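J.: Take a look and give me a structure for this.
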Amino acid sequence: MRSITSRTEDHLHNVISHRSEVRSIDPQHNAGDVELLAQIGYKQELRRHYSTFQVFGIAFSIMGLLPSISSVLSIGLEGGPAALVWGWILASIFILCVGTSLAFLGSAIPTSGGLYYYTNYYCPDAFRVPLSFMIGCSNSLGLIGGLCSISYGFAVQVLSAVYIQQDGAFEITRAKCYGIFVACVVSNAIICCLATKQAALLQTISIIVNVFLVLLFLIAVPVGTGHGFNSASYIFGTLINNRDYGTAWSFFLSWLPAIWTIGSFDSTIHCSEEAKNAQRAIPVGIIGSISACGILGWAICIVCAACIKDGDVSRVLQSDTGSAMAQIIYDALGKKWAVAFMSLIAVGQYLMAVSEMIALSRQIWSFARDDGLPVVYNFVKYVNPKIKVPIRASIFAGVLSTLVGLLVLIGDAGSGALFSLAIASLQLSWGLPVLLVLLPYGRRKFISGPFHFGSKTNTAINLVTICWSVYAIVLSMFPDSRKVDKASMNYTVVINVGVWLLALIYYFVWGYRFYSGPKSNLDKDDDIVFGTEPEVVAIGEEKK
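T.: Predicted coordinates for the structure are as follows:
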């Protein structure tokens, strides 16, 4: 009988050797979107209805400035007004570096698989498939966390509006919050089953709504504030530590509103197979949305800090409305305006959820297309032949999000985990492909697309991205209090690390039988029709 060691070695050999071929991709030489997609290895199954402006709209809508800041404002204010204001602009600069790194990758290889595809493509042979599988799972979890946190924010805003309207004669419960959450997710899934053309039009509408909300807030709240503005020294220089951490660490934790709000910009990559001129649209969408949200969001943070009544941060944080933003607006404009504002913010938040659902469904669909989605990949990879939409992926995304959203019922710790869950999962999904491009194997293989700044500048930006991703992951996993118990525990560390480890265990035990990395769904005739016959290099062989 062979030893356990021998059998283990044989098993690992079978796992490692079970991998798909790596295609040769030249992003600088192609005849357009369809031919480049054929080089990447995929048929054109979805319709390209998204313009560059609408691709920008996907990311900008998901960020949903005013609704997003409303959802996480209290986290920033716990460090005081200066922590909120400076934390926002400093985090925005680092996030722009991350977005630029992803724009390099998206411009080179625009595919809905995006991050797990890059991991497989730029990673050495021995590790590429298991790491690709883990990133596919992590990216999906991050987008699910993003959708859940957005939908939870929507529920809170609706309930806050009702509370103000009823003059406090309304009880906000976890059950009511989860009920509205489920209604939001289910309706989002239904909307995502619409044809691509209608979904693209929705992004234009979402941009208009979000810009209108931001301008209305920046004008109405300062004009309507009757109690006077706080001083510049208060806004930019006052740290008020409402945490039991030290002042410095409390300041860093107040960066989280920007980190959560200016996120999910990888959604432009997931929708790249529905975009016109994807190599240009992806960089514009990523960098444009981050820049716009960074600047406008900073203005919103300044207005919020300026309009806190009597500079009493504790009163805002402990508001019975359940929303710090609702309290600031109520103090500035009164009951009717507060109800109207929170209702409009809820509309913007809902449109955010729709955009996030679109990105999530495309990520799940592309992962299933490569047989990566555990168990149900054959069912989920289906694309409706009439409207060219992955309907089953949208429904599956809705089911998963509804289940993860049960964390809302746990309490503040559970609902808080929804926000940090998205941060940690997405930062790993963004950071690992960028790291691989910095390493010798990936650096030799990387060929830039139309968007790049030259080798040295690209490398410098990528180094900043790696450092920031590690920092953001650690930051997102910290509990809100030093005294950790079931009420203050940050369950993100349990969920994220658990998913990462389970993904690897599942792959090595069973998943390798099905997932061998991104695989082409083209046949020989497809390559010829598309005007190119992409070179396929077998693992371990030299290109001839």
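J.: can you count the residues close to the residue lying closest to Phe514 once chain neighbours are set aside?
T.: Counting by Cβ to Cβ, 6 or more residues apart in numbering, Phe514 lies nearest to Asp371, which is 4.7 Å off, once chain neighbours are set aside. In this view, the C-beta of every residue, glycine as well, is placed from N, C-alpha and C. Look at Asp371: counted by other Cβ atoms under 10 Å, it has 19 neighbours.
J.: now do Val470
T.: 14.
J.: So it is in contact with Gly431, correct?
T.: Yes. Using Cβ atoms under 8 Å, Val470 is in contact with Gly431, at 7.1 Å.
J.: Would you mind measuring from Ala397 to Val156?
T.: 22 Å (Cβ to Cβ, to the nearest Å).
J.: of those two, who's got more company?
T.: For Ala397 and Val156, the more surrounded residue by other Cβ under 10 Å is Ala397, and the numbers stand at 30 against 26.
J.: Mind listing what's buried along the host helix or strand of that one?
T.: Under the criterion of DSSP states H and E, Ala397 resides in helix 391-404. For helix 391-404, the neighbour count (16 or more other Cβ atoms under 10 Å) marks 391-398, 400-402, 404 as buried.
J.: Generate TSV for the residues you listed, with pLDDT as supplementary columns.
T.: Below are those laid out as TSV (pLDDT from 0 to 100):
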residue	pLDDT
Ile391	90
Arg392	92
Ala393	92
Ser394	91
Ile395	92
Phe396	92
Ala397	92
Gly398	93
Leu400	91
Ser401	92
Thr402	93
Val404	88
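J.: Which strands or helices does the helix or strand hosting Val494 pack on?
T.: Element membership of Val494, judged by DSSP H and E, is helix 492-509. Helices and strands touching helix 492-509, as assessed by 3 or more Cβ pairs under 8 Å, 6 or more residues apart in numbering; DSSP states H and E, comprise helix 4-17, helix 125-165, helix 412-438, helix 455-477.
J.: same thing but at 7 Å, please
T.: helix 125-165, helix 412-438, helix 455-477 (3 or more Cβ pairs under 7 Å, 6 or more residues apart in numbering; DSSP states H and E).
J.: Quick one: closest of those to Thr225.
T.: helix 125-165 (17.3 Å; Cβ to Cβ).
J.: Now the closest one: average pLDDT?
T.: Per-residue pLDDT over helix 125-165 has a mean of 89.
J.: can you give me phi and psi for Arg23?
T.: The phi/psi pair for Arg23 (degrees, to the nearest 10) reads phi -80, psi 150.
J.: beta partners for it?
T.: For Arg23, the beta-bridge partners are Val536 (DSSP bridges).
J.: do you know how far it is from Gly41?
T.: 5 Å.
J.: what sits in contact with each of those two?
T.: The contact sets of Arg23 and Gly41 overlap at Ser520 (Cβ atoms under 7 Å, 6 or more residues apart in numbering).
J.: More neighbours: these two, which one.
T.: Neighbours per residue, other Cβ under 10 Å: of Arg23 and Gly41, the larger number sits with Gly41, 23 against 18.
J.: on that earlier part again, which members of the buried residues of helix 391-404 define the maximum pairwise distance?
T.: Ile391 and Val404 (20.8 Å).
J.: ok, residues contacting the helix holding Ala397?
T.: Contacts of helix 391-404 (Cβ under 7 Å, 6+ apart): 144, 147-148, 182, 185-186, 188-189, 192-193, 357, 360-361, 364-365, 368, 376, 379-380, 382, 384.
J.: From those, keep the buried residues only.
T.: With neighbours counted by 16+ other Cβ under 10 Å, the contacts of helix 391-404 contain buried members at 144, 147-148, 182, 185-186, 188-189, 192-193, 357, 360-361, 364-365, 368, 380.
J.: show me what contacts the residue nearest to Phe514?
T.: For Asp371, the contact set (Cβ under 7 Å, 6+ apart) comprises 377, 514-515.
J.: how does it look with 10 Å?
T.: For Asp371, the contact set (Cβ atoms under 10 Å, 6 or more residues apart in numbering) comprises 20, 377-378, 381, 511, 513-519.
J.: Quick check: helices, which of those residues are part of them?
T.: Judged by DSSP state H, these include 377-378 as members of helices.
J.: Just the buried subset of the contacts of Asp371, written out for ChimeraX, thanks.
T.: Command for ChimeraX that selects the buried part of the contacts of Asp371, burial taken from 16+ other Cβ under 10 Å:
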select :20,377,381,511,514,515,516,517,518,519
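J.: and which of the contacts of Asp371 is nearest Asn210?
T.: Looking across these and measuring by Cβ to Cβ, the closest to Asn210 is Lys381, at 32.5 Å.
J.: right, and that closest one touches Phe514 too?
T.: No. Contact criterion Cβ atoms under 10 Å: Lys381 and Phe514 do not qualify, at 11.9 Å.
J.: Now do the shared contacts for the two.
T.: Residues touching both Lys381 and Phe514 by Cβ under 10 Å, 6+ apart: 370-373.
J.: Redo the residues you listed as TSV? Include pLDDT and secondary structure.
T.: Below are those laid out as TSV (pLDDT from 0 to 100; DSSP: H, G, I helix; E, B strand; the rest coil):
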residue	pLDDT	secondary structure
Asp370	88	coil
Asp371	87	coil
Gly372	86	coil
Leu373	82	coil
